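[1] Pasted the sequence and its predicted model underneath.
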Amino acid sequence: MADDLDWNAIIAPGNDAERRKTTSDRAATTDARDGVVEPTPGTPAPTRHLSRREARAAEAARAAEAERAAADRSAAGQRPAAAEPEAPAAPARRSTYRDHPVSPADAPVARRAADLHPEVHALLTGEVHVGDADRPADRAAGDRALADDAASPDRGTDAGATASGASGPAQGDDGSGGAGDDGRGGRGGRGGASRAPREPRGPHRRRRRGPLIAGIVIVAVVLAGGVSAYAFAAPKIQQVVAALSGNKEPDDYTGDGTTKVTITIKQGDIGEDVAKTLQRSGVVKDSKVFYKLLLASPDVQFQPGSYSLKKEMSSKTALAALQDTKNRVQASIVIPEGTALQDIEAGMVSKAGLSQAEVSAAAKDLAAYGLPANVTTLEGWLFPATYPINPGWTATQYFKSMVDTMKEHLAAAGVAEADQEHVIVFASLVQKEAGLAADYPKVARVFQNRLDQGMKLQSDATVAYGTGNTHTVTTTDAERADAGNEYNTYVHDGLPPAPISNPGDIAIKAVTQEASGNWLYFVTVNLETGETVFSDTYDQHLVAVKQFQAWLRAHPDYQ
């Protein structure tokens, strides 16, 4: 399909009449070549077309001959004979750039920007003209260029190019001159510019590789499949153009940020570490953008510590905030009673400036904390408390501090080392199931009575933990029937295989000092006050369940 394209209309300058004439010439030449049409009587027989190489060689020979003749006349002290006619050129080709190619392979090759069609030139070079109104300095440079053109007689008389330099692109501006006689732009008419193109002054014009490559993509698609192919591929081409020309999603936030967040710069952190911490905490969008800004600010220094910033800050705003001492705070990792290990890890990442990989690796290194041999997880061994951020600490040091604190509280509660694991597992269950502090010893007694009688504990909290849900004790019938969940105490006997939370002092004391009673059941009948009913028998328990259901109907927001 590319053979049907009018290459002269794309590459060679010229008006429509010339192109139509060229097309007729091509048709006659092609038919004569193929032996279809005989020459008209009384007209010269068509001459064989020269190839591009032969045409260029002939032109070069004529130019060299003209130069030698001029040199001979100059040596003899003669003026060039302006009236002396030049020998007629061979009739094989009227012009290298006027004849229409027989096929794309024979299409003329543009050697200069002036030889390109203006629109193709603008598409392939990617020259972008910046409006004078937007650049006062560039407008002044353009005015000076105009003055130079007017004052220099050796700059030619290309009025179109001069006007373009003063007032911006004219119709069909190809980035090198204004509109010519034929209205197409370029070099002031069909004959080309009256002077050699000069480099643009100052930053008035800029080049980008994106439009060049995008232009090649578009032209290739059109040549390969025509307009219909381009219409089909247009969305993809637009994506390519946007990516190559820089029209993509910004890699930095704008503004002063949204919600508050605390980040920590550790002892020994370098600029790249700070940038990664900011991105990990959602402060900046791209750590690389912040780091580049940091490299351009050699006087900036960071002090280890915690800083109150905001999420979605621009890199420039975040850097300024880190330099403001008012934003430095004494941050802490706060662990409430009943918090699960995965939530503690997340807090260490967000508050202590540690990476998730570092925290996860430290949590798995159980040998670093002096735990009993049968312990398989840090869950349950991290005592709930407030731990100040120490910028020089590693994840292992934070975990060790939490484990050591738990051991201290177990010892204070009179728990022997051999019983520590059992107490922590039991206390973690009570911590999740009990509501009011006064009910903790009763809840511990219910579970102990069921264990003593060989009953299943039937704790929803253990089932939920086994499904990965650490924030609720609500379960479904299917989850309670799942035997594959090793934490499912509706199916499996005894305590769960490991702790399901990190218990505090109240839960530990409730397990070591259980209340006295024969209760086997309990249910919270008022979720607002935490009121809980304890029952000895199942029938009593059913009455309490109906009481709870009535409360739920009266408070639909809790359902």
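    Now that the structure is in, tell me what you want to look at.

[2] Next, the buried residues of the helix or strand harbouring Asp539.
    With elements delineated by DSSP states H and E, Asp539 resides in helix 538-554, which encompasses its position. Counting neighbours by 16 or more other C-beta atoms under 10 Å, one finds that the buried residues in helix 538-554 are 541, 544, 548, 551. Where C-beta positions appear, they are placed from N, C-alpha and C, glycine not excepted.

[3] Looks like the last one contacts Thr529 (just checking).
    Just to be clear, that refers to Trp551. No: using C-beta atoms under 8 Å, Trp551 is not in contact with Thr529, being 10.1 Å away.

[4] For the stretch 451-559 of the chain, which residues score under the pLDDT cut-off?
    Along the stretch 451-559 of the chain, segments meeting pLDDT under 70 span 559.

[5] tell me the mean pLDDT for stretch 429-443?
    Confidence over stretch 429-443, taken as the mean pLDDT, stands at 95.

[6] contacting residues for Ala321?
    With contact set as C-beta atoms under 8 Å, 6 or more residues apart in numbering, Ala321 has these partners: 307, 309-310, 313, 327.

[7] re the thing from before, including distance to Val375, could the buried residues of helix 538-554 go into JSON lines?
    Converted to JSON lines, the buried residues of helix 538-554 look like this (distance: C-beta to C-beta, whole Å):
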{"residue": "His541", "distance to Val375": "35"}
{"residue": "Ala544", "distance to Val375": "37"}
{"residue": "Phe548", "distance to Val375": "37"}
{"residue": "Trp551", "distance to Val375": "41"}
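
[8] Let me know the closest of those residues to Phe447.
    Sorting the buried residues of helix 538-554 by distance to Phe447 puts His541 at the head of the list, at 14.7 Å, by C-beta to C-beta.

[9] mind listing what the closest one touches?
    Contact partners of His541, counting by C-beta under 8 Å, 6+ apart, are 520-521, 523, 535.

[10] Tell me which entries of those residues lie within strands.
    Secondary structure assignment by DSSP state E places 521, 523, 535 of the contacts of His541 in strands.

[11] Any of those residues buried? List them.
    Restricting the ones in strands among the contacts of His541 to buried positions leaves 521, 535, with burial counted as 16+ other C-beta under 10 Å.

[12] Please identify the helix or strand for Glu65.
    Element membership for Glu65 (DSSP H and E) is helix 52-75.

[13] Quick one: mean pLDDT for that helix?
    So the average pLDDT for helix 52-75 ends up being 74.

[14] then that helix to PDB, C-alphas only?
    What follows is helix 52-75, C-alpha atoms only, in PDB (Å, rounded to 0.1, in the frame of the first residue of the first chain):
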ATOM      1  CA  ARG A  52      19.400   8.800  -7.900                       C
ATOM      2  CA  ARG A  53      23.100   7.900  -7.800                       C
ATOM      3  CA  GLU A  54      23.500   8.900 -11.500                       C
ATOM      4  CA  ALA A  55      21.500  12.100 -11.100                       C
ATOM      5  CA  ARG A  56      23.600  13.200  -8.100                       C
ATOM      6  CA  ALA A  57      26.800  12.300  -9.900                       C
ATOM      7  CA  ALA A  58      25.700  14.400 -12.900                       C
ATOM      8  CA  GLU A  59      24.800  17.400 -10.700                       C
ATOM      9  CA  ALA A  60      28.100  17.100  -8.800                       C
ATOM     10  CA  ALA A  61      30.000  17.100 -12.100                       C
ATOM     11  CA  ARG A  62      28.100  20.200 -13.400                       C
ATOM     12  CA  ALA A  63      28.800  22.000 -10.100                       C
ATOM     13  CA  ALA A  64      32.500  21.100 -10.200                       C
ATOM     14  CA  GLU A  65      32.800  22.300 -13.800                       C
ATOM     15  CA  ALA A  66      31.100  25.600 -12.900                       C
ATOM     16  CA  GLU A  67      33.500  26.100  -9.900                       C
ATOM     17  CA  ARG A  68      36.500  25.400 -12.100                       C
ATOM     18  CA  ALA A  69      35.300  27.900 -14.700                       C
ATOM     19  CA  ALA A  70      34.700  30.500 -12.100                       C
ATOM     20  CA  ALA A  71      38.200  29.900 -10.700                       C
ATOM     21  CA  ASP A  72      39.700  30.200 -14.100                       C
ATOM     22  CA  ARG A  73      38.000  33.500 -14.700                       C
ATOM     23  CA  SER A  74      39.000  34.800 -11.300                       C
ATOM     24  CA  ALA A  75      42.600  33.800 -12.000                       C
END
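
[15] Low-confidence bits of the chain, can you list those?
    Filtered on pLDDT under 70, the chain yields the residue ranges 1-53, 74-249, 559.

[16] domains of it?
    Listed domain ranges for the chain are 2-36+48-75+89-106, 113-191+202-207, 260-330, 341-519 (source: automatic domain parsing).
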